[in-house]
Structure formats: C-alpha cells, structure tokens
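*Asks:* Next input, structure requested:
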Amino acid sequence: MGLLSNISGKKCVNIFKKFGYVVDHQTGSHLILYHQNKPTLSVPNHRELAPGLIRGLLRKSGISVDDFIKYK
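*Replies:* Residues are numbered from 1 along each chain as shown. Coordinates of the predicted model:
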C-alpha cells in the first residue's frame, strides 16, 4: 500500500484543517475548503480517496506529501 492510500474524505479534510484550511461549505458530496492565502480546494466526502486525487489537492495547495503524511 502507498503512503496516500486508505484516507477518507473526512480524514483528508481534518488534515487540511491543520494547515489552516476551513470548511467553507458543502456542495453535494464535496466539501469546499477555504484558506486566506492559498487556492480553494474541493474534497469529495467519500470513504476512500484515490492517491492521485490527494496528490492533486496537495499540489494545488502547495503542501508536500511528507508534511501531509506527518499528520496522517
């Protein structure tokens, strides 16, 4: 298993909150996260997120995989 596997949408949102993101609102099954100085993120509220999707969110937010895994 990879380092970014078996992470739910809810857990992913909680990790992004530790980096200063705030849940702005929910549209359908997606949570919209807001940060004052970084791009807005749309995180699906699914049981398990694909590693590629998590990598894309990290790339967009400017957070490294290593920093993200520390809070996993």
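*Asks:* First-to-last residue distance for stretch 14-34?
*Replies:* Its first and final residues considered, stretch 14-34 spans 13 Å by CA to CA, to the nearest Å.
*Asks:* Give me the contact list for that stretch.
*Replies:* By CB atoms under 8 Å, 6 or more residues apart in numbering, the list of residues contacting stretch 14-34 from outside reads 7, 9, 13, 35-36, 38, 40-46, 57, 61, 63, 67-68, 71-72. Just so you know, the C-beta spots here come from the backbone N, C-alpha and C atoms, and that holds for glycine as well.
*Asks:* one more time with 6 Å
*Replies:* 13, 35, 40-45, 63, 71 (CB atoms under 6 Å, 6 or more residues apart in numbering).
*Asks:* Those into a markdown table, with extra columns for secondary structure?
*Replies:* As requested, the contacts of stretch 14-34 are exported to a markdown table (DSSP: H, G, I helix; E, B strand; the rest coil):
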| residue | secondary structure |
| --- | --- |
| 13 | helix |
| 35 | coil |
| 40 | coil |
| 41 | strand |
| 42 | strand |
| 43 | strand |
| 44 | strand |
| 45 | coil |
| 63 | coil |
| 71 | coil |
